[in-house]
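# quick one: sequence and predicted model below, then my questions.
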Amino acid sequence: MSAELVTMNPTELARLAGMRRIAERRATQAQIALELGLSLRQVERLYAAFKRAGAAGLASKRRGRRSNRRLPDAFQ
């Protein structure tokens, strides 16, 4: 099993802690939804990603990519 380094911001770390509590059955998805200020459906989606890919499933997939709104280099 290879250890993979995942960069996460504070929001993603809070979500990871919540998903771990759900997995350990120390909290319900509804409780985590209230704590994180998310809908139950969003927590269900995040938990499915967590089960599928672990911590990497909660990290932003856009990290490291250019913004869609970035101006072409010719304008700068």
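Arrived safely, thanks for sending. Residues are numbered from 1 along each chain as shown.
# so the nearest residue to residue 63 once chain neighbours are set aside versus residue 36, what's the distance?
Nearest non-adjacent residue to residue 63, counting by Cβ to Cβ, 6 or more residues apart in numbering: residue 7, 6.7 Å away. (Each C-beta comes from the backbone N, C-alpha and C, glycine too.) Distance, residue 7 to residue 36, by Cβ to Cβ, to the nearest Å: 20 Å.
# next up, the contacts around the most centrally placed residue in the chain.
Centroid-nearest residue in the chain, with Cα atoms, centre = their mean: residue 58, separated by 2.4 Å. By Cβ atoms under 8 Å, 6 or more residues apart in numbering, residue 58 lies in contact with 8, 12, 15-16, 19, 46, 49-50.
# what's the answer for residue 14, then?
By Cβ under 8 Å, 6+ apart, the residues touching residue 14 are residue 36.
# tell me the SS of it?
Following DSSP: H, G, I helix; E, B strand; the rest coil, the label given to residue 14 is helix.
# pretty sure residue 47 contacts residue 19?
Yes - using Cβ atoms under 8 Å, residue 47 is in contact with residue 19, at 5.7 Å.
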